[in-house]
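> could you look at this predicted model? Sequence included:
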Amino acid sequence: MGLIRRLRVTRRAMERAMLGVSLRDRIRNVEIRRRTRITDIAQRVAKLKWQWAGHIVRRKDGRWGPKVLEWQRRTGKRSVGRPPTRWTDDIKRVAGSRRIQAAQNRGISNSLQKTYIQQWTSIG
């Protein structure tokens, strides 16, 4: 989430530069966003992440992408303490165990995508 925060700050700085507005002008971020009509960077990142995960799940050509996402250690044990969040853990939280079936059906996938984007951007 720190990375998303830094991306948002950078995007706001770029928007101010595009408009020729400085921080001394004290124009609110909401007004700047309204003028530029640029989508939130966290929403864009979440949408691209969801789309890429669906693309990888739908692949049937035997490449290593789906295998890497489902990879388990040989010992089956993870380190002591809170385990680091894996990339797929975030997707599983929204789609659950039915994510493979959901990826096959574009309608279900699109509705889950909206839920995922909403959850992902609310925590950032």
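Thanks, I have the structure now.

> what's the neighbour count on residue 19?
The local packing of residue 19 (other C-beta atoms under 10 Å) involves 14 other residues. Where C-beta positions appear, they are placed from N, C-alpha and C, glycine not excepted.

> roughly how far does it sit from residue 31?
10 Å (C-beta to C-beta, to the nearest Å).

> over to residue 55?
When distance is defined by C-beta to C-beta, residue 55 is 37 Å away from residue 31.

> then residue 112?
Taking C-beta to C-beta, one finds residue 112 at 33 Å from residue 31.

> ditto for residue 102
38 Å.

> who has more neighbours, these two?
Neighbours were counted for residue 102 and for residue 31 using other C-beta under 10 Å; residue 102 has more, 22 against 11.

> so what's the more buried one up against?
95, 108, 109, 112 (C-beta atoms under 8 Å, 6 or more residues apart in numbering).

> closest to residue 11 among the residues you listed?
residue 112 (26.1 Å; C-beta to C-beta).

> quick one, what contacts the closest one?
50, 94, 95, 102.

> check residue 30 and give its pLDDT.
We have a pLDDT of 88 for residue 30.

> next: residue 112.
Predicted confidence (pLDDT) for residue 112: 78.

> quick one: the host helix or strand of it to chain centroid distance?
Assignment of secondary structure by DSSP states H and E places residue 112 within helix 106-122. In terms of C-alpha atoms, centre = their mean, to the nearest Å, the centre of helix 106-122 is found 10 Å from the chain centre.

> for stretch 53-68, same thing?
The answer for stretch 53-68 is 18 Å, by C-alpha atoms, centre = their mean.

> from residue 85, how far off is residue 120?
Residue 120 is 12 Å from residue 85, by C-beta to C-beta.

> who has more neighbours, the two?
residue 120 (21 against 9).
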